[in-house]
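> give me a model of this one.
(one chain, ligands or ions: 2)
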Amino acid sequence: MKKQEKNRLRRRWQERRNQIPLLLRQEMSREICRNVLAYPALQAAETIFVYLAFRSEPETKELIQELFARKKRVTVPVCDKASHTMKAVEIKDFSCLVPGSYGILEPKTEQSDVLTIPKEEIDLVLVPGLAFDADGYRLGYGAGYYDRYLKGYLGYKMGMAFENCMVWRLPREEFDLPVDCVVTNRAVVQTGRSCL
Ligand SMILES: Nc1nc2c(c(=O)[nH]1)N(C=O)[C@@H](CNc1ccc(C(=O)N[C@@H](CCC(=O)O)C(=O)O)cc1)CN2
Ligand SMILES: Nc1ncnc2c1ncn2[C@@H]1O[C@H](COP(=O)(O)OP(=O)(O)OP(=O)(O)O)[C@@H](O)[C@H]1O
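Ligands and ions are numbered 1, 2, ... in the order given. The predicted model follows:
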């Protein structure tokens, strides 16, 4: 039941996000990144797990560039499609990235083999989503990658979304894990603990 409802919502929220004109999306993405960079949990974090945007998600390239400038350790997802699990792989620049699972940019395999960073070393995870609710619950693409990754994760979890992708309440299942805050172009919505 919940699954069907989530699938219906996925289509609706994906459509809604796709309808934001590109220029507005880019402008709002820059505002989200500014808000992320100003947030204390980001400033305190040394190792960060950040997604590489695809489809109409808030963009992260400029954010990552600034993380490099601030000497943060940057890791990005590498998916294993068979098990629907992902690992965090360190990148030092953009030159190692190639289209991987689902056409999302990923570091080349040789890089994944040597630069996988253990979950315990990740201070902050920046989480993409089609929608987030007021308690930090999230609607993703429906493969459970982030739910699996965040299970047992003790660091800080920060959602990133356009302000019109915030909703009062999403359907929840037992494996869904909320983020600690959601950063939008307009505000930081505190949904859990406030710092690292
Ligand atoms: N930028 C970014 N990277 C990310 C995620 C994300 O949400 N955003 N993920 C977060 O989990 C993981 C990838 N998850 C994905 C899960 C499903 C589909 C997908 O295309 N699903 C199909 C329907 C399922 C199917 O193929 O049968 C679709 O939406 O059309 C794409 C990515 C890891 N990397
Ligand atoms: N911790 C877990 N262990 C095993 N299976 C899980 C776990 N979390 C989620 N799943 C499975 O993954 C499926 C998708 O979960 P869900 O609908 O919450 O995806 P999502 O969070 O929207 O997707 P994504 O994280 O890929 O963007 C669920 O049907 C569930 O069976």
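> tell me the contacts of C79?
Applying C-beta atoms under 8 Å, 6 or more residues apart in numbering, we find C79 in contact with T85, M86, G100, S101, Y102, I104, E106, Y145. The C-beta positions use only the backbone N, C-alpha and C, and glycine is treated the same way.
> return stretch 155-165 as PDB; C-alpha atoms alone will do.
In PDB, the C-alpha atoms belonging to stretch 155-165 read as follows (Å, rounded to 0.1, in the frame of the first residue of the first chain):
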ATOM      1  CA  GLY A 155      27.300  11.300  11.800                       C
ATOM      2  CA  TYR A 156      25.300  14.300  10.600                       C
ATOM      3  CA  LYS A 157      22.600  13.900   7.900                       C
ATOM      4  CA  MET A 158      21.700  17.000   5.900                       C
ATOM      5  CA  GLY A 159      19.000  17.000   3.100                       C
ATOM      6  CA  MET A 160      19.200  19.400   0.200                       C
ATOM      7  CA  ALA A 161      16.100  20.400  -1.600                       C
ATOM      8  CA  PHE A 162      14.400  23.300  -3.400                       C
ATOM      9  CA  GLU A 163      11.900  25.000  -1.100                       C
ATOM     10  CA  ASN A 164       8.900  23.800  -3.100                       C
ATOM     11  CA  CYS A 165      10.000  20.200  -2.500                       C
END
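> check which residues of it are buried.
Residues G155, Y156, K157, M158, G159, M160, A161, F162, N164, C165 are the ones in stretch 155-165 that count as buried (16 or more other C-beta atoms under 10 Å).
> can it be said to contact ligand 2?
No - applying C-beta under 6 Å from any ligand atom, one finds stretch 155-165 separated from ligand 2 by no less than 11.6 Å.
> now look at that stretch and say if it contacts ligand 1.
No - Stretch 155-165 does not reach ligand 1 (C-beta under 6 Å from any ligand atom); its nearest approach is 10.1 Å.
> for that stretch, give the mean pLDDT please.
Averaged over stretch 155-165, pLDDT sits at 97.
> the strand or helix carrying R16: what's the following helix or strand?
R16 is part of helix 2-18, with elements assigned from DSSP states H and E. Downstream of helix 2-18, the first helix or strand assigned by DSSP H and E is helix 22-38.
> can I get that next one as PDB, trimmed to CA atoms?
Provided in PDB are the C-alpha atoms of helix 22-38 (Å, rounded to 0.1, in the frame of the first residue of the first chain):
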ATOM      1  CA  LEU A  22      16.600  25.700 -15.600                       C
ATOM      2  CA  LEU A  23      17.700  29.200 -14.800                       C
ATOM      3  CA  LEU A  24      15.700  29.300 -11.600                       C
ATOM      4  CA  ARG A  25      16.900  25.900 -10.700                       C
ATOM      5  CA  GLN A  26      20.500  27.000 -11.100                       C
ATOM      6  CA  GLU A  27      19.900  30.200  -9.100                       C
ATOM      7  CA  MET A  28      18.100  28.200  -6.300                       C
ATOM      8  CA  SER A  29      20.900  25.600  -6.300                       C
ATOM      9  CA  ARG A  30      23.500  28.400  -5.700                       C
ATOM     10  CA  GLU A  31      21.400  29.600  -2.800                       C
ATOM     11  CA  ILE A  32      21.100  26.100  -1.300                       C
ATOM     12  CA  CYS A  33      24.900  25.700  -1.600                       C
ATOM     13  CA  ARG A  34      25.500  29.000   0.100                       C
ATOM     14  CA  ASN A  35      23.200  27.900   3.000                       C
ATOM     15  CA  VAL A  36      25.000  24.600   3.200                       C
ATOM     16  CA  LEU A  37      28.400  26.300   3.300                       C
ATOM     17  CA  ALA A  38      27.300  28.600   6.100                       C
END
